[in-house]
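1. dropping the sequence and predicted coords here.
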Amino acid sequence: MDATDALSEIAFWLERESAPSFKVQAFRKAAAVIAGLSRDELAERIGDGRLKRTKGIGERTFEVIREAVEGKIPNYLAGLRERGTRPLAEGGAEISAALRGDLHSHSEWSDGGSSIEEMVAAARLLGREYLALTDHSPGLTIANGLSTERLRDQLGVVAAINDGSDGFRLLTGIEVDILEDGGLDQAPEVLEGLDIVVASVHSKLRSDRGTMTRRMLGAVTNPQTNVLGHCTGRLVQGSRGTRPESEFDAARVFAACAENNVAVEINSRLERQDPPDRLIRLALDAGCLFSIDSDAHAPGQLDYLQYGAERAEKNGVPAERIITTWPLDRLLEWAGKGTAAAGS
């Protein structure tokens with residue numbers, strides 16, 4: 001197989017397993033180093049020792065390249081593929097199988113680690129029918145949020161990808177920050193032109209209950225909002241440490257979601273697991289729709305949907321209430337974009 005493809009695929013499987021980022025990046029860096037070199041050129045550099053001395057090529061990545069050049073499936077990749085046949089989560093298989101897409105993902109345009117094209121390739125590999133690209137909005141400078149101009153530039157990249165795509169749709173979108181006054185951190189006319197708008201709180205998460213409730217209600221009642229992202233903002237594990245839930249009147253917020261046709265996100269990241277189980281059940285009782293999303297910041301993380309499916313099943317959420325199980329035409333019609341958008 002192609003050596004560059006082998007290295008990139010290894011990075012994907014390692015991300016899926018939540019391997020340390022330095023380990024993943026070692027394979028991505030090696031792939032970048034040899035990109036553009038033919039099999040014959042690689043064979044020559046392997047034979048004369050140059051490849052082993054090349055910066056960015058380590059012992060493990062060298063072996064992967066050598067085996068690929070010899071026409072073999074690298075042993076390390078074969079092992080990862082075998083592990084990849086096993087589910088990540090213990091439950092939720094039925095809902096996981098029903099999922100068609102993912103409405104929350106990030107690329108290197110904001111705080112993701114990979115290109116849009118790499119995210120799309122991984123989504124296609126996983127059998128997704130659609131993926132929303134939802135990089136951050138401009139106010140979230142720590143995450144390299146997109147200005148209006150940069151977002152418009154990104155829309156051109158998305159259009160080009162969709163022009164050459166068969167059976168897969170990259171949806172235009174944004175994870176827009178919910179401002180302190182409940183407004184959305186992007187111009188209304190820009191939001192109107194996007195397929196999907198995920199609204200999330202990222203700042204002043206320890207505001208008092210009344211302030212946070214008003215803030216979230218402002219976003220949920222905004223006609224541009226489609227999905228309420230990771231609603232409590234909590235962190236339960238991971239390299240960033242832990243963070244408690246934001247305090248807000250969940251009953252009022254979820255009632256507003258149901259009334260305004262806004263889906264409550266079941267965020268699949270292990271460090272978030274947001275909303276907590278009790279709030280998933282509360283939103284279900286309130287009549288809410290749900291969106292099981294990966295919040296992926298790298299290609300391999302797109303398969304984290306399995307964790308969200310497991311939590312949805314555990315809390316009795318039926319598949320028909322999960323918008324990411326819906327066909328694209330229905331999803332876009334629900335989002336207010338109309339069936340015509342599905343073929344554009």
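-> Thanks, I have the structure now. Numbering: from 1, shown residues only.
2. how about the strands in the stretch 101-250 of the chain?
-> With DSSP state E, counting those that start in this stretch applied, the stretch 101-250 of the chain shows strands at 101-102, 130-133, 169-177, 196-200, 227-228, listed in chain order.
3. and the residue nearest to Tyr307 when sequence neighbours are not counted, how many neighbours?
-> For Tyr307, ignoring the flanking residues on the chain, the nearest one in space by C-beta to C-beta, 6 or more residues apart in numbering is Ser268 at 4.6 Å. Placement of C-beta: from N, CA and C, glycine included. When neighbours are counted by other C-beta atoms under 10 Å, Ser268 registers 29.
4. domain parsing for this structure?
-> Following automatic domain parsing, the chain resolves into domains at 3-84, 93-343.
5. tell me which of these is the most buried.
-> Ranked by mean neighbour count under mean count of other C-beta atoms under 10 Å, these are led by domain 93-343, which reaches a mean of 20.
6. hang on, the earlier thing: closest to Lys55 out of the strands of the stretch 101-250 of the chain?
-> strand 130-133 (32.3 Å; C-beta to C-beta).
7. strands paired with that closest one, and their directions?
-> strand 101-102 (parallel), strand 169-177 (parallel) (DSSP bridges).
8. before we move on, back to that, dump the domains of the chain into JSON lines; add mean pLDDT as well.
-> Compiled in JSON lines, those are given as follows (pLDDT from 0 to 100):
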{"stretch": "domain 3-84", "mean pLDDT": "96"}
{"stretch": "domain 93-343", "mean pLDDT": "95"}
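9. so who does the nearest residue to Gly233 once chain neighbours are set aside touch?
-> In this structure, Gly233 finds its nearest non-sequential neighbour in Leu205, 4.4 Å apart by C-beta to C-beta, 6+ apart. Residues near Leu205 by C-beta atoms under 8 Å, 6 or more residues apart in numbering: 233, 243, 246.
10. in this structure, which helix is the longest?
-> helix 148-163 (DSSP state H).
11. sorry, back to before: of the contacts of Leu205, closest to Ser21?
-> Arg243 (20.0 Å).
12. quickly list what the closest one is bridged to.
-> Here Arg243, judged by DSSP bridges, has bridge partners Leu235.
13. how close does it sit to Asp153?
-> 33 Å (C-beta to C-beta, to the nearest Å).
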